[in-house]
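In: any chance you can model this:
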Amino acid sequence: MLPCSPHHRSLRRPSTTIGYLYLLLFSLLSTTSTSCSNGSCQLLEACAAATDCGPGLYCGNCPVSGKTQPVCTRGQAVIPTSVVNGLPFNKYTWLVTHNSFSIVDAPPLPGVQRLTFYNQEDTVTNQLRNGVRGLMLDMYDFENDVWLCHSFRGQCYNFTAFQPAINTMMEVEAFLSENPAEIVTIIIEDYVHTTKGLTALFAKAGLDKYWFPVSKMPRKGDDWPTVTEMVQDNHRLIVFTSDATKEAQEGVAYQWKYMVENESGDPGVKPGSCPKRKESKALTSKSASLFFQNYFPTYPVETEACKEHSTPLQAMVGTCYRAAGRMPNFLAVNFYMRSDGGGVFDAVDRMNGPTLCGCSTLAACQAGAPFGSCKNVSVPARSPAINNAGSFTGSVQFANSASALSSTNRIIAFLFYLPLMAFWL
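Out: Residues are numbered from 1 along each chain as shown. Coordinates of the predicted model:
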């Protein structure tokens, strides 16, 4: 062995010092990256994987807003009836998915390239498990059946078709069967002309046993039955159609007889403006007891949704509240899970709070307490108050290609639809 000379020691000291510095830096980085993990990370805390975040949260970011660091983001709703129960149905605000069936990565028909826009990223079953309580579905006659189709001019084509509607209806039936205290609303953009086509569809799926009868719907702006009464009577499926003839023919409620609605698409997201949809009565009308708010742009873009579901959403809710003089009962969105933190779930909490308990948010409500008796939530909770009875265990599943949908496909879809925008429905 060579003797350890002072020269050798002088050469080794910098190397040893650098090694210690690297170890120290690694230790600091390790401490930072593992400050929370394995389900212990709370809302807005940095994360590296979905498993880092607590219940009701997923790990995501919002690059379009300059927020590239992944953080734990809300992915589930707190069902309002799990906090304040027993009020009329029209006192609550419910989360709705626009074109619930138009799911990224949904397989096209064999040998056909689908050309359409997509609006959601997970299955209808998962949407319901994550707290969605309203489904917007476009139904058409296609291949001698009723299909879900994202099309135009009232015609379904093989390149705009998704699947037979019975598949989605059976998902709804399974959810209602498994969750006997839950109520689901379906809003149909209706192009079904087959005689009794809707009646047969719902009966085949076993949904007729949950049907809320048109005869019990208030016609003069009165309160609906309480959610408790609806559950007791098993009237837990409310269905509306855009076809006025179906109410007399099939007992399916004509949508704009019972609700007012703001304009959809770009007019519905224009800051400071909340115009009514042309088919709807005035938003201030007292003859309809439900208010449906659309909040989604004409052209859906997944990567933009996280920004749309932040401050602009809160502002638009306020705008529509002032325009109608009441809180919306339904909030319809694209890509419902995408946000930079609380997103649509926080918005719905803030819509329910003032109406249900006189508080700024549902999180401040206290079950059984007098109206206006609120918990102190001046400091926002680090994670949503997930209630096991109301939020369920649906995973927050983004489709594999959701954020990588090619620009080529977007261009093809845009060029295809450009001449048809005058007929877009």
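In: where does the stretch 1-150 of the chain dip in pLDDT?
Out: 1-34 (pLDDT under 70).
In: which residues of it fall in helices?
Out: Per DSSP state H, counting those that start in this stretch, the stretch 1-150 of the chain carries helices over the ranges 6-33, 124-129.
In: got the buried residues for whatever helix or strand A323 lives in?
Out: Element membership of A323 [criterion: DSSP states H and E] is helix 311-324. Residues of helix 311-324 classed as buried by neighbour count (16 or more other C-beta atoms under 10 Å): L313, M316, V317, T319, C320, Y321, A323, A324. For glycine as for every other residue, the C-beta is placed from the backbone atoms N, C-alpha and C.
In: which of those residues lies closest to Q232?
Out: Set against Q232, the nearest of the buried residues of helix 311-324 by C-beta to C-beta is A324 (30.4 Å).
In: where's K220 relative to I187, distance?
Out: Distance of K220 to I187, given as C-beta to C-beta, to the nearest Å: 21 Å.
In: then N61?
Out: Taking C-beta to C-beta, one finds N61 at 32 Å from I187.
In: settle it for me: which of those two has more neighbours?
Out: I187 (24 against 17; other C-beta atoms under 10 Å).
In: ok now stretch 354-371, how far from the chain's centre?
Out: 23 Å (C-alpha atoms, centre = their mean, to the nearest Å).
In: which positions in it come out as buried?
Out: Within stretch 354-371, the residues that qualify as buried by neighbour count (16+ other C-beta under 10 Å) are P354, T355, L356, C357, C359, T361, L362, A363, A364, C365.
In: check contacts around the fourth one.
Out: If a contact means C-beta atoms under 8 Å, 6 or more residues apart in numbering, then C357 has V83, V84, A364, C365, Q366, A369, F371, G372, S373, C374 as its contacts.
In: same deal with the last one?
Out: With contact set as C-beta under 8 Å, 6+ apart, C365 has these partners: V83, V84, N352, G353, L356, C357, C359, C374, K375.
In: filter those down to the ones in helices?
Out: N352, G353, L356 (DSSP state H).
In: does the second one touch Q366 like I think?
Out: So the one you mean is G353. No - counting by C-beta atoms under 8 Å, G353 stays clear of Q366, with 11.3 Å between them.
In: excluding its backbone neighbours, what's nearest Q249?
Out: In this structure, Q249 finds its nearest non-sequential neighbour in K196, 7.6 Å apart by C-beta to C-beta, 6 or more residues apart in numbering.
In: against F202, how distant is the one you found?
Out: In terms of C-beta to C-beta, K196 sits 10 Å off from F202.
In: neighbour count for those two, which is higher?
Out: The neighbour comparison of K196 against F202 (other C-beta under 10 Å) goes to F202, with 25 against 12.
In: element containing that one, please.
Out: Applying DSSP H and E as the criterion places F202 in helix 197-204.
In: that helix - contacts with which helices or strands?
Out: Contacts defined by 3 or more C-beta pairs under 8 Å, 6 or more residues apart in numbering; DSSP states H and E place helix 197-204 against strand 134-142, strand 145-149, helix 165-178, strand 237-241, helix 246-250.
In: format those as TSV; extra columns: mean neighbour count and distance to Y118.
Out: Putting the helices and strands packed on helix 197-204 into TSV (neighbours: other C-beta atoms under 10 Å; distance: least, C-beta to C-beta, whole Å) gives the following:
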stretch	mean neighbour count	distance to Y118
strand 134-142	23	13
strand 145-149	23	13
helix 165-178	19	15
strand 237-241	23	23
helix 246-250	17	28
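In: coming back round to it: nearest to V260 among the buried residues of helix 311-324?
Out: A324 (6.8 Å).
In: quick check: pLDDT value at that closest one.
Out: For A324, the pLDDT comes out at 98.
In: start the count at 241 instead of 1 going forward.
Out: Sure thing, new numbering starts at 241, so read that last one as A564.
In: so who does the nearest residue in space to it that is not next to it in sequence touch?
Out: Once flanking residues are discounted, A564 sits nearest to L523: 3.9 Å by C-beta to C-beta, 6+ apart. Residues near L523 by C-beta under 8 Å, 6+ apart: V500, N502, C514, K516, F531, C560, A563, A564, G565.
In: ok, so what distance separates the fourth one from A563?
Out: Relative to A563, K516 is positioned 8 Å away (C-beta to C-beta).
In: again, but for the third one
Out: When distances are taken as C-beta to C-beta, C514 and A563 turn out to be 4 Å apart.
In: angles on the backbone of G279, please.
Out: Torsion angles at G279 (phi, psi; degrees, to the nearest 10) stand at phi 90, psi 10.
In: in this structure, which residue is closest to the centre?
Out: The chain has Y576 as the residue nearest its centroid, 3.3 Å off, counting by C-alpha atoms, centre = their mean.
In: now that one: which helix or strand?
Out: In the assignment (DSSP H and E), Y576 maps to no helix and no strand.
In: what's the closest non-adjacent residue to L388?
Out: Spatial nearest neighbour of L388, chain neighbours left out: F341 (4.1 Å); criterion: C-beta to C-beta, 6+ apart.
In: repeat that for R459.
Out: Nearest non-adjacent residue to R459 (C-beta to C-beta, 6+ apart): K497, at 7.1 Å.
In: got a pLDDT number for the one you found?
Out: pLDDT, read off for K497, is 97.
In: how far is stretch 482-497 from where the chain is centred?
Out: Chain-centre distance of stretch 482-497: 26 Å, with C-alpha atoms, centre = their mean.
In: list the contacts of that stretch.
Out: Applying C-beta under 8 Å, 6+ apart, the set of residues contacting stretch 482-497 is 427-430, 432, 436, 438-439, 451, 453-454, 457, 459, 478-481, 501, 519-521, 528.
In: 6 Å instead, please
Out: E429, D430, L438, T439, V454, M457, V479, F480, T481, E519, S520 (C-beta atoms under 6 Å, 6 or more residues apart in numbering).
In: circling back to that earlier point, the next helix or strand after the helix holding A563 pairs with which strands, and in what direction?
Out: Following helix 551-564 in sequence order, the next helix or strand is strand 570-573 (DSSP H and E). Here strand 570-573 has these sheet partners by DSSP bridges: strand 334-337 (parallel), strand 530-534 (parallel).
In: what's the closest of those to K510?
Out: Of all the strands paired with strand 570-573, the one in closest proximity to K510, counting by C-beta to C-beta, is strand 530-534 (11.7 Å).
In: then the helix or strand that the closest one is followed by to PDB, C-alphas only?
Out: Sequence-wise, the next helix or strand downstream of strand 530-534 (DSSP H and E) is helix 542-548. The C-alpha trace of helix 542-548 is given here as PDB (Å, rounded to 0.1, in the frame of the first residue of the first chain):
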ATOM      1  CA  GLU A 542     -58.700  19.200 -23.200                       C
ATOM      2  CA  THR A 543     -55.600  21.200 -22.500                       C
ATOM      3  CA  GLU A 544     -57.600  24.400 -22.200                       C
ATOM      4  CA  ALA A 545     -60.200  23.000 -19.800                       C
ATOM      5  CA  CYS A 546     -58.000  23.300 -16.700                       C
ATOM      6  CA  LYS A 547     -57.800  27.100 -17.200                       C
ATOM      7  CA  GLU A 548     -61.500  27.400 -18.100                       C
END
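In: okay then, goodbye and thanks.
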